[in-house]
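[1] need a 3D model of the sequence below.
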Amino acid sequence: MSSVLVVGYDPQAIPGVDAEALRTALDKELARFGEHGIDAAMALVVFDQSAESTLVASLAQRRWDVIVVGGGIRKTEPLLPLFEQIVNLIRQHAPHAAIAFNTSGEDSVEAAQRWL
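    From the prediction side, this is the model:
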């Protein structure tokens, strides 16, 4: 079974966002992976000192086939340093994994499938 790790920004850390609704949408997308026969997990990070340890722990859980980096991290200009850190941590800790990019939390499956 293929394996995918989705890296996203923790909804609890986004001011003015309904974190519960966003988390529900993210969980729904994880369930879609299962419907496609793909084993998936999510690593939610925040832009602070915990980002590296959170992501490295998730990368070490198993050998991931694809790692999807969410648009919330890539498209938010103040998070550019976090995006760079994530890409470099993936290169360092999962060099064999393909890296994919979604456009929203609702097309992570399709982003991963481009590389599976």
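
[2] show me where the protein has its strands.
    Using DSSP state E, the strands found in the chain span residues 2-9, 38-45, 66-69, 98-101.

[3] output these as TSV; include the columns mean pLDDT and distance to Pro81.
    Where you see a C-beta, it was placed from the backbone N, CA and C, and this is true even at glycine. Below are these laid out as TSV (pLDDT from 0 to 100; distance: least, Cβ to Cβ, whole Å):
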stretch	mean pLDDT	distance to Pro81
strand 2-9	96	13
strand 38-45	96	12
strand 66-69	98	14
strand 98-101	98	17
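
[4] export those strands to TSV and tack on distance to Phe83 and mean neighbour count?
    TSV is the format used below for these (distance: least, Cβ to Cβ, whole Å; neighbours: other Cβ atoms under 10 Å):
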stretch	distance to Phe83	mean neighbour count
strand 2-9	10	23
strand 38-45	11	19
strand 66-69	7	24
strand 98-101	10	16
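
[5] now those as TSV including distance to Gln85?
    Converted to TSV, the strands of the chain look like this (distance: least, Cβ to Cβ, whole Å):
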stretch	distance to Gln85
strand 2-9	11
strand 38-45	9
strand 66-69	11
strand 98-101	14
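
[6] of these, give the one that comes closest to Trp115.
    strand 98-101 (3.6 Å; Cβ to Cβ).

[7] residues in contact with that closest one?
    Taking contacts as Cβ atoms under 8 Å, 6 or more residues apart in numbering, the residues outside strand 98-101 that touch it are 65-69, 71, 74, 87, 90, 111-112, 114-115.
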